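Enquirer: this is a predicted model, with the sequence first.
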Amino acid sequence: MRRAITILILLTIVGAAAWTIYRWDRPSAAGSDPWRAVPMQSAIVLELNEPWTVWDRFTHTSQLWGAVVEQAAPAAMGRVIARAVERMENDAALRDALNGPPVLVAVMRGGAEGTGCIVIGSFSGTAPVAAFSELLGIDKAGERALLGGAVVQARPDTALHALSVSVQGALWMLATSPTLMDEAMLQLQSGSSIVDDTLFARARTTLGAGVDAHLLLHTTRAQRLLLDLWDATTVDRTDLPEGWLAMDLRTRPDALLMSGLFAPEHPHTVLTDLVEQGSGPWNFARLLPSSTDRWKTLRLVGPAAFRATHALTDTLSEKLLAQVSGSVCLAAASGPELGAPRRWLLLETADATAAAEGCTAICPEGRCDTMHYRGQRITRLPAALAFEGLFGPDDPGFATPWWTTLGQNVVVSEAPERLRECIDAWNDGSSLAEDERASGWFQRMSANSGRTVWIDVARSKGLLREGVRPDKKQLMDAWDPVLSALGAFSVQLSAGQHGF
């Protein structure tokens, strides 16, 4: 009996010790998890696994940073981080506390204050609040407030607005406004986390290792961020599938490369097209003049399925799509030297001769206005051409469409002069494919995709001013030098596995 009591006491002690260790470890692990403070309504979350190393490499090698740093706010941010790195080099305790743990940057709308961000990190070991406060320009009274868990206002650089600062156990947080700090504090106290969101978690599991950063973006929320610059009519013209986009980010001296998977919240016609139409070659540069500064392409190998998905009601569009087997491209050129924007629709075919016959048959009794240029026949189509079912309502169609064939493609534009430009580019070697600025970027892109968007930012920067809110025009003026320094921006989509 005595032995049984002894064993019971020993088991109780061991159990109590195990429970104590278990409970001891849990608050520490949870308390240092920065994901617990990321607000559930965040639009963008950037995860930096080695923030100081990545920042140092990016600022010393990136041409993009060289353009952006000319602006006051990025320059000020760079100075603050440079001071932090310098202080860490001379303060072993601060270096040990900040080095290692990932840093999260969450971007979201903050009510009437517009878009802001919250930077969340964790300390390794004891929180060096004194050094942290000094780094941010917080006085002793503010330091004591931080130790007590209060939110303190700091302004580490005169070019920056005041930041809200808080230290909660092993977590440190910086927010661009008190409202966003409140959001992070409420999230922290709720006991839940954004990683509990099933779709977010599913997207996050697809991220890879060995990259500079991870970027998670909620398409619908991110689209609403654009309301800070553009009016609602302009923003709402873009119809995006809703869901979480999870991308691995890599920095290069002349580019930022992001690749990953999209986890959709709901079905969408774009996603249906990617599955039904597949992927394939998309490059139409050989057919377009070098003045072209943007295009978007889609793959179309099953016109009947496409017409059913998009419920096309435009008879002319249906007849043209019947000639397509491959990719379709809507391209444009803009710029003050060109006057009104110039646009082209390019349709890849399996048989150019049969496609020409099909287009000719669209004309009443096979008769339409026709002219010739450099041995090419240019013909007018008998009705206006709408793009609503093809590329969406954001793209106006052609009131007076004309067409010709080049290689295996039917080229359509709103005036014969535009087709002559394509014929000249095709014959004279003056096409977009020969433009070094554009072709260099095309070589970095995937040769196959379901959809592709490409834009030469500097050449078409005037488009970004369309729909800009009146109170933001000065801001656009201030960033004009940065836009002028940028090269290309491109997005390519293809169907993945498991619904991605």
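Expert: Right, received. Where do you want to start?

Enquirer: return the helix or strand in this structure with minimum mean pLDDT.
Expert: Ranking every helix and strand in the chain by mean pLDDT, DSSP states H and E puts helix 2-31 at the bottom, with a mean of 37.

Enquirer: pull up the pairing partners for the helix or strand just after that one, direction included.
Expert: Counting by DSSP states H and E, the next helix or strand C-terminal to helix 2-31 is strand 44-48. Strand 44-48 sits in its sheet next to strand 103-109 (antiparallel), strand 213-218 (antiparallel), going by DSSP bridges.

Enquirer: what is the distance between whatever helix or strand comes next after the longest one and the centre of its chain?
Expert: Helices and strands here follow DSSP H and E; after strand 103-109, the next one along the chain is strand 115-122. Relative to the chain's own centre, strand 115-122 is displaced by 19 Å; criterion: C-alpha atoms, centre = their mean, to the nearest Å.

Enquirer: so strand 115-122 versus strand 44-48, what angle?
Expert: Orientation check (axes from the mean of the first three to the mean of the last three C-alpha atoms, to 10 degrees): strand 115-122 against strand 44-48 gives 30 degrees.

Enquirer: quick one: strands adjacent to strand 115-122?
Expert: Strand 115-122 has these strand partners (DSSP bridges): strand 103-109 (antiparallel), strand 171-175 (antiparallel).

Enquirer: returning to that earlier point: considering the strands paired with strand 44-48, which stretch scores lowest in mean pLDDT?
Expert: The minimum mean pLDDT among the strands paired with strand 44-48 belongs to strand 103-109 (a mean of 94).

Enquirer: what residues does it touch?
Expert: Residues outside strand 103-109 that contact it (C-beta atoms under 8 Å, 6 or more residues apart in numbering): 34-35, 38-39, 41-48, 51, 115-121, 180, 183-184, 221, 224-225. All C-beta atoms are positioned from the backbone trio N, CA, C, and that covers glycine.

Enquirer: please convert the buried members of those residues into PyMOL selection syntax.
Expert: To isolate the buried members of the contacts of strand 103-109 in PyMOL, using 16 or more other C-beta atoms under 10 Å:
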select buried, resi 34+35+38+39+42+43+44+45+46+47+48+51+115+116+117+118+119+120+121+180+183+184+221+224+225
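
Enquirer: tell me how many other residues surround the residue lying closest to residue 430 once chain neighbours are set aside.
Expert: Excluding the flanking residues, the one nearest residue 430 by C-beta to C-beta, 6 or more residues apart in numbering is residue 290, at 5.9 Å. By other C-beta atoms under 10 Å, the residues close to residue 290 number 19.

Enquirer: pLDDT value on residue 290, please?
Expert: 95.

Enquirer: that one touches residue 428, doesn't it?
Expert: No. Between residue 290 and residue 428 there is no contact, the gap being 10.5 Å when judged by C-beta atoms under 8 Å.

Enquirer: tell me which residues of stretch 413-432 come out buried.
Expert: Judged by neighbour count (16+ other C-beta under 10 Å), stretch 413-432 contains these buried residues: 413-416, 418-423, 425-426, 431-432.

Enquirer: likewise stretch 89-103?
Expert: 91, 94, 95, 97, 98, 101, 102, 103.

Enquirer: out of the residues you listed, which sit inside strands?
Expert: Judged by DSSP state E, those include residue 103 as members of strands.

Enquirer: buried residues, stretch 157-166. List them.
Expert: Neighbour-count burial for stretch 157-166 flags 157, 160, 163, 164, 165, 166 (criterion: 16+ other C-beta under 10 Å).

Enquirer: shaky segments in the stretch 201-350 of the chain?
Expert: The model of the stretch 201-350 of the chain has no residue with pLDDT under 70.

Enquirer: what ranges do the helices span in it?
Expert: In the stretch 201-350 of the chain, the segments counted as helices under DSSP state H, counting those that start in this stretch are 219-225, 232-236, 269-277, 303-310, 315-321.

Enquirer: what do you get for the stretch 401-500 of the chain?
Expert: 416-428, 436-442, 473-478, 480-485.

Enquirer: looking at the ones you listed, which is closest to residue 463?
Expert: Closest of those to residue 463 is helix 480-485, at 10.4 Å (criterion: C-beta to C-beta).

Enquirer: and that closest one, what's its mean pLDDT?
Expert: Averaged across helix 480-485, pLDDT comes to 91.

Enquirer: before we move on, what about stretch 378-394?
Expert: Mean predicted lDDT for stretch 378-394 stands at 82.

Enquirer: just the CA atoms of it, as CSV, please.
Expert: The C-alpha coordinates for stretch 378-394 follow below in CSV (Å, rounded to 0.1, in the frame of the first residue of the first chain):
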residue,chain,number,x,y,z
ILE,A,378,-6.6,45.2,-96.1
THR,A,379,-10.4,44.7,-95.7
ARG,A,380,-13.0,46.5,-93.7
LEU,A,381,-15.4,44.4,-91.6
PRO,A,382,-19.1,45.3,-92.0
ALA,A,383,-19.9,46.1,-88.3
ALA,A,384,-18.5,47.5,-85.1
LEU,A,385,-16.4,45.0,-83.1
ALA,A,386,-17.0,44.8,-79.3
PHE,A,387,-14.5,43.3,-76.8
GLU,A,388,-16.8,42.8,-73.9
GLY,A,389,-17.0,39.1,-74.1
LEU,A,390,-13.3,38.8,-75.0
PHE,A,391,-11.3,41.0,-72.7
GLY,A,392,-14.0,42.6,-70.6
PRO,A,393,-15.9,45.9,-70.6
ASP,A,394,-12.7,47.9,-69.8
